[in-house]
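Visitor: how would this look folded up:
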Amino acid sequence: MNLKAFPQFFKKINQLISPARINHQLISEAAIDVVSKLQANNYEAYIVGGAIRDILLDYSPKDFDIATNAKPEDIRKIFKYSRIIGRRFKLVHVIYNRETIEVSTFRTAPTEKIHMKNGILKDNEYGSMSEDIKRRDFTINALYYDPINKKLFDTFNGKSDVKKKIIKLIGDPQNRFTEDPIRLLRALRFSAKLDMNIHHDTLKHIEPSMNLLETIPHSRLFDEILKFFLTGHAKNSLKIFREYNLTKKYLPSIDSLNSNFERFVCKALDNCDQRIANNKHISPGFIFSVFLWQDVFKLWKNNETQYSHSSLALNDAIDTVIFKQNKIFPIQKRFLTAMSEIWRLQIRFENLSQKKVYRLFAHPRFRAAYDFMLIRSECDQFDKNLSHWWEKFVNSDDKTRKNLITNKIYV
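Guide: Sure, this is the predicted structure:
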């Protein structure tokens, strides 16, 4: 080797494998224990991907993934409370109380590519760490950290991209998007979630590659779209969806909202993000009930002149809107049921007779419908006196509830 090249060579080595200042207080003890036990059994093991990215951003990761050269069957033998999952590529879930650590074996490019029914290639075979790193989608997710020896492996300058807040694909963007078009949505989702800019080389291929999403089976596409709105960055995701015309493509009901319903949707998404921040559950049915509410509400009110009862007008509006949406981008049946019930219960908040109040209060979907009604009230879509009554009722003891119903006390 040319002696003049030595400084650059060692600079590259130090960049790839270097001591790292990673905040261990943000690392799950379970994740460290998994790595420690795998290494104790003479396997390589690293915390990888989004967890390290989030720690570098000073966020507390929601979950931890481990990459190792141990095969799934070997991992399963080491950890008593674990299970092997996956069809495309086997993974191991290691269970620590309520925490699940996902452990995957290093992957490499296959000798043979097989197309699967879910629209992706079954193109994973076991490989080495260096091969596994090249298989990652974005540089910010190609970070491998050894918490025992406190060393960070950063082949593609991911740490620098995290610092600069840049989302960059590894490899040629056109090829990587063609391999798996879901990466288009992942790039946009990370941009919304992490408030990062997409690198220009990646960005310029996004819009021309949008048609590739049509090759993805609906079930996989649906799951990816849900992640935009159920992982704590729903409001930013809506902005991204509109910017890249994804609302027109999948959710035209929210492509253009009048000011009142725009306020309603934004308030609901703020509430959802807050619930996620507080580790509370959000139903996909609730999100979609919010998105389609403007269409349901307008048609409901238009229908009232044709029906003898407002509930019949509402039912017809619900059926019509769902039919229209499902022709564009179908929503799974179990979520349609939740949406319909949230909407149908809205009219029942207007009746304060004792029997109907308690029947509504006992409904399995009451809480979601109640939250929906409160947001409507905040946005001047529902009588505030009634919403205040319901808040008092929900937060009172049995005696006070009976008094509220008997006297119809508004607060």
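
Visitor: Number of residues surrounding Arg135?
Guide: 16 (other C-beta atoms under 10 Å). Yep, even glycine has a C-beta here, placed from its N, CA and C like the rest.

Visitor: And for Phe393?
Guide: Neighbour number of Phe393 under other C-beta under 10 Å is 19.

Visitor: and it, that's in a helix?
Guide: Yes: assigned with DSSP: H, G, I helix; E, B strand; the rest coil, Phe393 falls within a helix.

Visitor: what about it, distance to Lys267?
Guide: From Phe393 across to Lys267, the span is 22 Å (C-beta to C-beta, to the nearest Å).

Visitor: Show me how far the helix or strand harbouring Val162 is from its chain's centre.
Guide: Taking DSSP states H and E as the definition, Val162 sits inside helix 158-164. Centre-to-centre, helix 158-164 and its host chain are 22 Å apart (C-alpha atoms, centre = their mean, to the nearest Å).

Visitor: Check what contacts the helix or strand following that helix and list those residues.
Guide: The helix or strand immediately downstream of helix 158-164 is strand 166-167, counting by DSSP H and E. By C-beta atoms under 8 Å, 6 or more residues apart in numbering, the surrounding residues in contact with strand 166-167 are Phe138, Ile140, Asp161, Ala187, Phe190, Ser191, Leu194, Met196, Asn197, Ile198, His199, Thr202.

Visitor: residues in contact with the closest residue to Ile32 other than its chain neighbours?
Guide: Leaving aside its sequence neighbours, Ile32 sits nearest to Pro147 (C-beta to C-beta, 6 or more residues apart in numbering; 5.0 Å). Applying C-beta under 8 Å, 6+ apart, one finds that Pro147 lies in contact with Ile22, His24, Ile27, Ala31, Ile32, Val35, Ile47.

Visitor: filter the residues you listed to the buried ones?
Guide: Ile22, Ile27, Ala31, Ile32, Val35, Ile47 (16 or more other C-beta atoms under 10 Å).

Visitor: Need the worst-confidence member of these.
Guide: Confidence by pLDDT is poorest for Ile22 among the buried ones among the contacts of Pro147, given 91.

Visitor: how about it, secondary structure?
Guide: Applying three-state DSSP: Ile22 is coil.

Visitor: Could you count how many residues lie near Lys163?
Guide: By other C-beta under 10 Å, neighbour count at Lys163 equals 12.

Visitor: Low-confidence stretches in this structure?
Guide: Scanning the chain for pLDDT under 70 picks out 1-20, 111-124, 409-411.

Visitor: OK, contacts around the residue sitting nearest the centre point of it?
Guide: Nearest to the mean C-alpha position of the chain, by C-alpha atoms, centre = their mean, lies Lys227 at 2.3 Å. Taking C-beta under 8 Å, 6+ apart as the criterion, Lys227 is in contact with Arg189.

Visitor: In what element of secondary structure is Asp371 found?
Guide: Asp371 belongs to helix 366-378 when elements are defined using DSSP H and E.

Visitor: C-terminal to the helix or strand containing Lys227, what's the next element?
Guide: Taking DSSP H and E as the criterion, Lys227 maps to helix 218-229. Tracing the chain past helix 218-229, the next element assigned as helix or strand by DSSP H and E is helix 234-243.

Visitor: CA atoms of that next one as PDB?
Guide: Extracted in PDB, the C-alpha atoms of helix 234-243 (Å, rounded to 0.1, in the frame of the first residue of the first chain):
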ATOM      1  CA  ALA A 234     -50.000  11.800  12.600                       C
ATOM      2  CA  LYS A 235     -50.200  15.500  12.100                       C
ATOM      3  CA  ASN A 236     -46.900  15.700  10.300                       C
ATOM      4  CA  SER A 237     -47.800  12.700   8.300                       C
ATOM      5  CA  LEU A 238     -51.000  14.400   7.000                       C
ATOM      6  CA  LYS A 239     -48.900  17.300   5.700                       C
ATOM      7  CA  ILE A 240     -46.500  14.800   3.900                       C
ATOM      8  CA  PHE A 241     -49.500  12.900   2.500                       C
ATOM      9  CA  ARG A 242     -50.900  16.000   1.000                       C
ATOM     10  CA  GLU A 243     -47.600  17.200  -0.300                       C
END
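
Visitor: Just list what that helix packs against, helices and strands only.
Guide: helix 182-194, helix 218-229, helix 246-250, helix 259-277 (3 or more C-beta pairs under 8 Å, 6 or more residues apart in numbering; DSSP states H and E).

Visitor: just those: most buried one?
Guide: Mean neighbour count (mean count of other C-beta atoms under 10 Å) peaks for helix 182-194 among the helices and strands packed on helix 234-243, with a mean of 21.

Visitor: which helices and strands sit right next to it?
Guide: Using 3+ C-beta pairs under 8 Å, 6+ apart: helix 182-194 touches strand 166-167, helix 173-179, strand 197-198, helix 218-229, helix 234-243.

Visitor: now the longest one and helix 259-277, what's the angle there?
Guide: Angular relation of helix 218-229 and helix 259-277 on a 0 to 180 degree scale: 90 degrees, by axes from the mean of the first three to the mean of the last three C-alpha atoms, to 10 degrees.

Visitor: how distant is helix 218-229 from the center of its chain?
Guide: For helix 218-229, the distance to the chain centre is 8 Å (C-alpha atoms, centre = their mean).

Visitor: Using CSV, write down the CA coordinates of that helix.
Guide: The C-alpha coordinates for helix 218-229 follow below in CSV (Å, rounded to 0.1, in the frame of the first residue of the first chain):
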residue,chain,number,x,y,z
HIS,A,218,-53.4,-3.9,-0.6
SER,A,219,-52.8,-5.6,2.8
ARG,A,220,-49.1,-4.6,2.9
LEU,A,221,-49.8,-1.1,1.6
PHE,A,222,-52.6,-0.7,4.2
ASP,A,223,-50.3,-1.7,7.1
GLU,A,224,-47.6,0.8,6.0
ILE,A,225,-50.1,3.6,5.7
LEU,A,226,-51.4,2.9,9.2
LYS,A,227,-47.9,3.5,10.5
PHE,A,228,-48.0,7.1,9.3
PHE,A,229,-50.9,7.8,11.7
